[in-house]
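Q: coords below, sequence missing:
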């Protein structure tokens with residue numbers, strides 16, 4: 001792939017090396033801040049209180065997935081073809097982002113901040129503008145728009161080629177994927193006090209899936225390559241079609257599974273709260289003995 005080869009020159013190698021170090025430092029700071037916040041929270045309330053252990057494990061796994069996606073065999077596969085690059089993108093969007101969102105990092109990261117900054121964050125959260133942004137409808141619209149914008153913009157030919165040519169742009173692309181996915185899944189998988197109501201979550205997931213499916217379908221059914229030949233494999237059209245399928249199928253399966261899970265849990269919750277309205281219809285009450293229909297007229 002010529003675009004990748006250009007980025008692999010001397011200047012590109014130095015830039016890529018520096019970015020690798022910066023990425024490692026950023027991820028390490030994020031993990032350290034989360035770990036410190038969890039330690040402080042559990043020291044006050046007890047291990048597993050407020051933030052269950054499975055959420056901590058999910059966040060740690062998400063951090064490891066981000067690192068694995070940018071190094072090792074997955075990164076090597078991404079350099080060989082557009083389809084390989086799409087696998088890398090799907091790992092960031094459908095694995096790393098949801099795992100980080102499930103970690104409910106807001107509280108631990110806040111506790112890891114200095115006291116003065118923590119107070120400023122508390123005032124910011126209580127500000128009217130912030131409260132307006134946290135309304136369910138606004139949160140759903142912003143999260144869905146962010147994910148759709150990130151997905152479509154970075155898969156347009158010009159930004160995609162720029163990401164292959166410049167390691168800095170490539171790092172920005174991956175950061176946008178992780179951040180966009182994190183923002184999308186946080187209202188669905190995050191802490192219950194910040195979670196969207198089930199109907200809003202279902203609409204958010206379904207509404208986000210449609211533009212992603214449209215992009216996957218466009219790549220799959222395009223009659224000719226949309227991207228320059230240098231960024232595609234030996235068979236450009238087949239490589240592009242395979243990349244479209246790799247986006248289309250996993251995205252639909254993951255989002256549909258999450259949507260059905262949220263919807264079914266909502267129905268079960270309604271049944272527990274109002275069993276008389278969630279069950280079978282009530283049987284008809286028989287007329288008093290000895291009376292006929294005409295007797296009531």
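A: Alright, I've got the coordinates. Owing to the predicted nature of the structure, the values given are computational and were not obtained by experimental measurement.
Q: rest of the way, CA atoms for contacts and neighbours
A: Fine.
Q: the longest helix in the protein is where?
A: helix 236-273 (DSSP state H).
Q: low pLDDT regions in this structure?
A: Where the chain drops to pLDDT under 70, the residues are 1-17, 275-297.
Q: next up, the contacts around the residue nearest to the spatial centre of it.
A: Closest residue to the average C-alpha location of the chain: residue 181 at 2.6 Å, with CA atoms, centre = their mean. Residues in contact with residue 181 (CA atoms under 8 Å, 6 or more residues apart in numbering) are 92-94, 97-98, 147.
Q: compare those residues and tell me which is most surrounded.
A: Counting neighbours by other CA atoms under 10 Å, residue 92 leads these with 29 neighbours.
Q: that one and residue 120: what is the separation?
A: As for residue 92, its distance to residue 120 is 31 Å (criterion: CA to CA, to the nearest Å).
Q: separation between residue 238 and residue 74?
A: For residue 238, the distance to residue 74 - CA to CA - is 20 Å.
Q: mind listing what's buried in stretch 51-68?
A: Using 16 or more other CA atoms under 10 Å as the test for burial, stretch 51-68 gives 51, 55-56, 58-63, 65-68.
Q: now tell me what touches that stretch from outside.
A: 24, 27, 31, 38, 74, 91-92, 95-105.
Q: now stretch 135-144
A: Contacts of stretch 135-144 (CA under 8 Å, 6+ apart): 132-133, 180, 183-184, 187, 196-197, 200-201, 204-205, 207-208.
Q: among these, which are in helices?
A: Within the contacts of stretch 135-144, residues falling in helices by DSSP H are 132-133, 180, 183-184, 187, 200-201, 204-205, 207-208.
Q: and the buried residues of stretch 51-68 as CSV, adding distance to residue 245 and secondary structure?
A: Shown next, in CSV, are the buried residues of stretch 51-68 (distance: CA to CA, whole Å; DSSP: H, G, I helix; E, B strand; the rest coil):
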residue, distance to residue 245, secondary structure
51, 37, coil
55, 31, helix
56, 33, helix
58, 28, helix
59, 28, helix
60, 29, helix
61, 26, helix
62, 24, helix
63, 26, helix
65, 22, helix
66, 22, helix
67, 25, helix
68, 23, helix
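Q: out of these, flag the one nearest to residue 257.
A: residue 58 (18.5 Å; CA to CA).
Q: for residue 245, see how far away the closest residue to residue 19 other than its chain neighbours is.
A: Nearest non-adjacent residue to residue 19, counting by CA to CA, 6 or more residues apart in numbering: residue 168, 7.0 Å away. Look at residue 168 and residue 245: by CA to CA, they are 28 Å apart.
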